[in-house]
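Novice: Sequence and predicted model, in that order:
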Amino acid sequence: MSSPEDNFTGRSMHGLGVACGIAAGAWLGSAEAPTKLVDAGYSPIVISLCMVAGVFTARWTLPTLMKGTRYVFCDLLARAHLIVWGILAGALWAVANTLTVFAIRNVGLSIAFPLWNTNSLVGLLWGCLLFRELRGGGAKNWIKVVGGGVAIVAATIALGLASVHPSAGASSSHAAAGVLAALGASLLWGTMYLPYRKAYLSGMNPLSFVTVFTVGELGTMAILAATIHGPQASITAQLHLLRPAIFWLFLGGFCWVIGDMFQQYATKYIGIGRGIPLSNTNQLWGLAWGALVFGELHGVSGHNRIIIIASSLLMIVGAIAIGSASAARKEHLSVNQAIARECDRYGLDYDQAVAAQAGLDDRDGSGQRAWWDYLIVAAGVAIFIWLAIGVHRPPLEMNTRWVAALVTAILALLGAGGWMLWKRTGFS
């Protein structure tokens, strides 16, 4: 096996990783908008279940469309030990996503978003401890990353204090429960990135990882839906009542998968410590949807409104500082040592893993389509068409002009980010 120093590649993927992180923020933030249906009286468990079902549909449709199942399964079989890690990551995501719905119900979208985005600190800690991120990065990068982390923590504390103020629109007990739910989601999502990074250091394609990821998330969500009962009617009865709006939750799950795929590529190319804070710009999009579309800040006092907006901006500044810390040669070599460790442990091809880390993947199967690929894509499209039949406008007060503006913006980011990924890596 070649040494990490011999296989250092100077091909910088920092710019691509940053672009993916920004696009991820836009789509992850927009994906949470349909969960506002919780304000119409539906159970958070049912809403989360419908959204996860949409995620499951998208996670099989999009990778099949982009690479084909032959490529995906070949990639999974070459690294079979990562399948259980992918299932575990999916389970963590399902629990965290359910907690976010409770958080939105109790403290609102624009407040809950920044609270659970402290997952970047959790991910940064794991990245430094387990995957040698920032080793050899130099004082400048350490200052950016640590300074950004301090800014995120300070903003989180301020947002927590603002959210439990009586004028925030909810009782203090409900607000405290919402804060705890959002922070619990933060802890789970921050830990969820461990399997992500482990997979990409091993050379796995993000499209392959998200395919097996969905098994864990849908299975866990089904267990939660079957075991957690609230004061509402049964799950079946609520699904029947929610039928005219299920399309929007499926669409939210679809948007989340697009954002998560961008986030996966950002994590692959620039690491947990940089990629996740960049994707956590989704709080700006969450704030935009909550404040501009749903008018969440109308009932908030002027003092608390200033705290919420200023704290959100401070958190974004911290994320930008972390994301702008481009890795130097010594840090790349440190990451290569982490790759070598994974390859030694599981008997993988080190040269191939290093090439994959640089966006170079020449394995057979890419772009080849089997006949069943077309059936999978057709089935995904058919599900959305069926759900769109008889769909009603969500029973929520919305500013349609801002909806149109935000949708146009995220589609533009999708086009730009997707084009860069295809041009530089072929979605590898």
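Specialist: Good, I have the coordinates. Numbering: from 1, shown residues only.

Novice: Using CSV, write down the CA coordinates of the host helix or strand of F213.
Specialist: Assessed by DSSP states H and E, F213 sits inside helix 206-227. Presented in CSV, the C-alpha positions along helix 206-227 are these (Å, rounded to 0.1, in the frame of the first residue of the first chain):
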residue,chain,number,x,y,z
PRO,A,206,-22.8,9.6,-1.5
LEU,A,207,-25.5,8.3,-3.7
SER,A,208,-24.9,4.7,-2.6
PHE,A,209,-24.8,5.7,1.1
VAL,A,210,-28.1,7.5,1.0
THR,A,211,-29.8,4.5,-0.6
VAL,A,212,-29.0,2.2,2.3
PHE,A,213,-29.5,5.1,4.8
THR,A,214,-33.2,5.2,4.0
VAL,A,215,-33.7,1.6,5.3
GLY,A,216,-32.8,2.8,8.8
GLU,A,217,-34.9,6.0,8.7
LEU,A,218,-38.1,4.4,7.3
GLY,A,219,-37.9,1.4,9.6
THR,A,220,-37.3,3.6,12.7
MET,A,221,-40.0,6.0,11.7
ALA,A,222,-42.5,3.1,11.3
ILE,A,223,-41.6,1.9,14.8
LEU,A,224,-42.1,5.4,16.3
ALA,A,225,-45.5,5.8,14.5
ALA,A,226,-46.7,2.4,15.8
THR,A,227,-45.5,2.9,19.4
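
Novice: other SSEs contacting it?
Specialist: Judged by 3 or more C-beta pairs under 8 Å, 6 or more residues apart in numbering; DSSP states H and E, the packing partners of helix 206-227 are helix 44-66, helix 69-78, helix 83-107, helix 172-201, helix 246-270. All C-beta spots, glycine's among them, are computed from the backbone N, C-alpha and C.

Novice: Now do it: distance to the chain's middle.
Specialist: Offset of helix 206-227 from its chain centre (C-alpha atoms, centre = their mean, to the nearest Å): 14 Å.

Novice: Return the set of buried residues in it.
Specialist: Across helix 206-227, burial judged by 16 or more other C-beta atoms under 10 Å covers 206-221, 224-225.

Novice: Could you tell me the angle between that helix and helix 69-78?
Specialist: In terms of direction (axes from the mean of the first three to the mean of the last three C-alpha atoms, to 10 degrees), helix 206-227 departs from helix 69-78 by 80 degrees.

Novice: Tell me what angle helix 206-227 forms with helix 83-107.
Specialist: Using the same axes, to 10 degrees: helix 206-227 against helix 83-107 is 60 degrees.

Novice: ok and helix 206-227 relative to helix 172-201, angle-wise?
Specialist: Here helix 206-227 runs at an angle of 150 degrees relative to helix 172-201 (the same axes, to 10 degrees).

Novice: If you average the pLDDT over helix 206-227, what comes out?
Specialist: Taken as a whole, helix 206-227 has a mean pLDDT of 81.

Novice: could you check the angle helix 246-270 makes with it?
Specialist: 140 degrees.

Novice: hmm, back to that, which one of the helices and strands packed on helix 206-227 lies nearest to R345?
Specialist: helix 172-201 (10.2 Å; C-beta to C-beta).

Novice: Give me the mean pLDDT for that closest one.
Specialist: 83.

Novice: Kindly report the same for stretch 403-419.
Specialist: Stretch 403-419 comes out at a mean pLDDT of 92.

Novice: you'd agree A328 is up against R135?
Specialist: No - judged on C-beta atoms under 8 Å, A328 makes no contact with R135 at a distance of 10.6 Å.

Novice: export the helices and strands packed on helix 206-227 to JSON lines and tack on mean neighbour count and distance to A405?
Specialist: Converted to JSON lines, the helices and strands packed on helix 206-227 look like this (neighbours: other C-beta atoms under 10 Å; distance: least, C-beta to C-beta, whole Å):
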{"stretch": "helix 44-66", "mean neighbour count": "24", "distance to A405": "24"}
{"stretch": "helix 69-78", "mean neighbour count": "19", "distance to A405": "36"}
{"stretch": "helix 83-107", "mean neighbour count": "24", "distance to A405": "22"}
{"stretch": "helix 172-201", "mean neighbour count": "22", "distance to A405": "27"}
{"stretch": "helix 246-270", "mean neighbour count": "26", "distance to A405": "16"}
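
Novice: dump the residue contacts of the most centrally placed residue in the chain.
Specialist: Residue closest to the mean C-alpha point of the chain, counted by C-alpha atoms, centre = their mean, is D260 at 4.0 Å. By C-beta atoms under 8 Å, 6 or more residues apart in numbering, the residues touching D260 are 24, 28, 210.

Novice: and which of these is nearest A78?
Specialist: For the contacts of D260, the minimum distance to A78 (C-beta to C-beta) is 16.5 Å, reached by V210.

Novice: Pretty sure the closest one sits against R59.
Specialist: Yes - between V210 and R59 there is a contact under C-beta under 8 Å: 5.2 Å.

Novice: Now for these two: what residues contact both?
Specialist: Both V210 and R59 are in contact with V257, where contact means C-beta under 8 Å, 6+ apart.

Novice: helices or strands up against the one helix or strand A319 maps to?
Specialist: Counting by DSSP H and E, the element that carries A319 is helix 302-323. The helices and strands touching helix 302-323, judged by 3+ C-beta pairs under 8 Å, 6+ apart, are helix 109-116, helix 119-130, helix 138-163, helix 272-279, helix 282-288.

Novice: Contacts for the fourth one, please.
Specialist: Helix 272-279 has contacts (C-beta under 8 Å, 6+ apart) with 17-18, 20-22, 24-25, 28, 119-120, 123-124, 126-128, 131, 133-134, 145, 148, 152, 190, 193, 196-197, 259, 262-263, 266-270, 318-320, 322-323, 325, 327.

Novice: buried stuff in the helix holding A319?
Specialist: For helix 302-323, by 16+ other C-beta under 10 Å, it's 304-305, 307-309, 311-312, 314-316, 318-323.

Novice: what does stretch 348-361 give?
Specialist: Across stretch 348-361, burial judged by 16+ other C-beta under 10 Å covers 348, 350, 352-359, 361.

Novice: Max pairwise distance over those residues: which two?
Specialist: Taking C-beta to C-beta, no two of the buried residues of stretch 348-361 sit farther apart than L348 and G359, at 17.8 Å.

Novice: related to what we said a few turns ago, will you turn the buried residues of stretch 348-361 into JSON lines that also has distance to G418, secondary structure and pLDDT?
Specialist: JSON lines is the format used below for those (distance: C-beta to C-beta, whole Å; DSSP: H, G, I helix; E, B strand; the rest coil; pLDDT from 0 to 100):
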{"residue": "L348", "distance to G418": "29", "secondary structure": "coil", "pLDDT": "85"}
{"residue": "Y350", "distance to G418": "30", "secondary structure": "helix", "pLDDT": "86"}
{"residue": "Q352", "distance to G418": "25", "secondary structure": "helix", "pLDDT": "84"}
{"residue": "A353", "distance to G418": "25", "secondary structure": "helix", "pLDDT": "84"}
{"residue": "V354", "distance to G418": "25", "secondary structure": "helix", "pLDDT": "82"}
{"residue": "A355", "distance to G418": "22", "secondary structure": "helix", "pLDDT": "82"}
{"residue": "A356", "distance to G418": "19", "secondary structure": "helix", "pLDDT": "81"}
{"residue": "Q357", "distance to G418": "21", "secondary structure": "helix", "pLDDT": "77"}
{"residue": "A358", "distance to G418": "20", "secondary structure": "coil", "pLDDT": "74"}
{"residue": "G359", "distance to G418": "14", "secondary structure": "coil", "pLDDT": "74"}
{"residue": "D361", "distance to G418": "17", "secondary structure": "coil", "pLDDT": "68"}
